[in-house]
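*Asks:* can you look at this prediction? I've put the sequence above it.
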Amino acid sequence: MMNKIIICLICLTALLANNTAICQRPDDAEMAKRDAAMKMADEYAQPESVLAQDQIVDPNSYIIGPGDELTIFFYGPYTRQEKLNVTPEGSVLIPEFGEVYLGQITLNRVKDLILNALKKRYRNIEISITLSRLRRLKVSVGGEVNFPGIYSVSSMDRVTEAVQIAGDLKENASSRNIKVFRDGIAINADLLLYARGGDRSCNPYLKEGDQIFVPPEYQKIGLLEIYGSVKLPGIYEYVPGDRISDLIMLAGGVTLDADLGSAELVRFDQQIDTTYMIKIPMQDILVNEESDHNLKLLPDDRLFIRSYPNYHVKSHVTIEGEVRYPGTYAIKEDTTRLTELVAEAGGFTKMASLDEANIYRYGYEAIKDIELDRRIKLSIEKLSDIEREYLLLSSNPEQGRISIDFEELFINGNKEMDIRLKDRDRIMIPKISNTVRIMGRVLKPGLLEYREGAGVEYYVQRAGGYTKSAHRGKIRIIKGVSGSILKPSSKVRIEVGDQILVPEKRDIDWWQVTKDVGTFLANLATVYIVIDQVLE
């Protein structure tokens with residue numbers, strides 16, 4: 001019995017331990033992110049890694065230190081190479097020669113020192129020395145980074161590399177007020193200004209024992225704002241010492257349409273909660289950053305740079321179909337005329353159908369009916385005949401079509417038709433089709449061959465005749481050139497590209513008619529009684 005109790009207690013303890021481990025398990029995404037960062041740090045710390053540097057090592061300024069690797073090449077009567085590591089004491093041990101003390105000197109001095117020592121022993125042999133691997137440094141990264149800690153970097157790495165190894169900045173992290181503590185001195189690192197302007201002094205090199213601290217970013221006050229004609233307008237962190245040129249650099253620079261003579265700096269009065277405006281001659285600042293107009297900024301300053309109106313407006317139209325050179329052409333809006341464009345496109349081809357040619361206008365010229373959506377949602381029975389016909393016309397996807405007669409303009413020379421073009425007009429010149437379209441309540445709707453002088457009945461018969469539901473009294477002719485809808489008559493001539501619409505006959509709801517008549521008569525009787533009482 002006692003053995004069973006002990007076994008149960010052991011099982012219960014294991015189960016609780018397992019559950020606790022499960023509850024404390026970090027989020028899978030967080031674990032994956034941490035693993036990726038640690039893998040990057042491990043790979044970065046490998047001594048044989050080939051690391052990309054942002055510039056060539058300057059032999060006149062680079063100080064050799066413990067951990068650097070030098071390679072000596074001997075070539076002449078015999079060839080060999082020796083890899084030498086700088087010891088913690090600052091010396092190198094050369095096989096078959098001995099120890100050479102280097103100390104804290106530049107790479108160029110190191111080369112001279114070793115060459116002078118070796119040439120005393122090795123004669124008639126050429127010797128060269130290179131820096132083959134950089135030493136590793138230990139730095140700490142803390143604050144608003146994803147994985148604070150101590151990391152290994154190279155002697156040619158900057159703050160950006162250390163922050164990247166530490167999992168990069170958090171969402172609320174400052175990118176402009178990062179501090180590097182070195183020998184009791186705080187050095188500022190401005191990674192955003194470095195990224196936008198390339199100022200390397202904003203992203204200093206690291207040294208052994210540096211402590212990097214990333215503070216949180218200011219969210220509401222103490223910021224800088226820039227709006228208007230800059231590439232990246234918005235809100236930026238403030239750094240003491242910022243000038244107007246720095247803010248412009250953070251915003252990506254001014255755009256081509258910037259009016260440099262109308263910039264304004266809005267600043268808070270420090271004594272009272274009001275603002276005042278300073279006119280800024282931007283041209284002077286862009287030409288000379290040392291200009292007296294390049295003011296130092298204060299927290300919550302706002303810079304506004306206006307743009308020239310209608311600067312380099314680009315207008316073009318497209319002409320397609322039967323012209324010699326179809327394509328897109330630049331125009332001067334509201335000035336270039338249709339005949340000028342057609343002439344520039346080489347004129348019409350022999351197959352051009354001016355009867356069916358059209359111009360479609362983009363944007364605001366196409367009038368939008370705000371009631372169209374409401375009418376579409378209504379049941380078709382609730383619409384009057386006029387509303388049904390209007391709905392049919394309004395739902396036409398070619399609402400931007402301009403009413404113009406190409407034949408009247410280009411054949412008869414009517415200059416009133418020579419319209420001024422607007423940006424993104426589209427001119428369509430189709431081939432001669434020699435067809436008429438019939439649609440609606442006929443047996444065989446579709447395209448029919450055009451016949452000179454033929455009327456509606458001719459095309460209806462060619463389409464197989466009317467169906468039983470056809471409303472013959474509501475037949476309409478839709479003109480291909482203008483899009484206008486006309487009743488058939490002796491004065492309306494059917495032309496190439498026209499459409500004939502045979503609508504459906506609606507059944508009369510006699511019960512509804514009876515109710516409407518009854519309501520009307522009741523209202524009329526009421527009015528009569530009221531008038532009769534008044535007259536009495």
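*Replies:* That came in fine, so what should we check first?

*Asks:* any idea how far residue 470 is from residue 436?
*Replies:* Distance, residue 470 to residue 436, by CB to CB, to the nearest Å: 18 Å. C-beta: built from backbone N, CA, C; applies to glycine.

*Asks:* between those two, tell me which one has more neighbours.
*Replies:* residue 436 (24 against 19; other CB atoms under 10 Å).

*Asks:* list the buried residues in the helix or strand containing the more buried one.
*Replies:* Here residue 436 sits within strand 435-440, counting by DSSP states H and E. In terms of neighbour count (16 or more other CB atoms under 10 Å), strand 435-440 has its buried residues at 436-438, 440.

*Asks:* partner strands of that strand, parallel or antiparallel?
*Replies:* Paired neighbours of strand 435-440 in the sheet (DSSP bridges): strand 446-449 (antiparallel), strand 499-502 (parallel).

*Asks:* okay if I get those as a markdown table plus mean pLDDT and mean neighbour count?
*Replies:* Below are the strands paired with strand 435-440 laid out as a markdown table (pLDDT from 0 to 100; neighbours: other CB atoms under 10 Å):
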| stretch | mean pLDDT | mean neighbour count |
| --- | --- | --- |
| strand 446-449 | 89 | 14 |
| strand 499-502 | 90 | 21 |
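
*Asks:* dump those strands into TSV; add distance to residue 526 as well.
*Replies:* As requested, those are arranged in TSV below (distance: least, CB to CB, whole Å):
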stretch	distance to residue 526
strand 446-449	55
strand 499-502	43
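
*Asks:* and these: which comes nearest residue 359?
*Replies:* strand 499-502 (18.7 Å; CB to CB).

*Asks:* if we can go back for a sec, out of the strands paired with strand 435-440, nearest to residue 422?
*Replies:* Using CB to CB, the strands paired with strand 435-440 put strand 499-502 closest to residue 422, at 27.1 Å.

*Asks:* show me the contact partners of the closest one.
*Replies:* Defining contact as CB atoms under 8 Å, 6 or more residues apart in numbering, one finds that strand 499-502 is touched by 436-442, 456, 459-460, 466, 470-472, 475-478, 480, 485, 494.

*Asks:* kindly supply the ChimeraX command isolating those of those residues that are buried.
*Replies:* The buried residues among those can be selected in ChimeraX (16+ other CB under 10 Å) with this line:
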select :436,437,438,440,441,442,456,459,460,466,470,475,476,477,478,480,494
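
*Asks:* in strands only, show me the contacts of strand 499-502.
*Replies:* Applying DSSP state E to these, the entries found in strands are 436-440, 476-478, 485.

*Asks:* and those, which is closest to residue 135?
*Replies:* Distances from residue 135 to these, taken by CB to CB, are shortest for residue 437, at 83.4 Å.

*Asks:* hmm, that closest one is touching residue 459, no?
*Replies:* No - Residue 437 lies out of contact with residue 459 (CB atoms under 8 Å); the separation is 9.3 Å.

*Asks:* can you list residues touching both of the two?
*Replies:* By CB under 8 Å, 6+ apart, the residues touching both residue 437 and residue 459 are 448, 500.

*Asks:* show me where the stretch 151-300 of the chain has helices.
*Replies:* Taking DSSP state H, counting those that start in this stretch as the test, the helices found in the stretch 151-300 of the chain are 159-165, 191-197, 244-250, 282-287.
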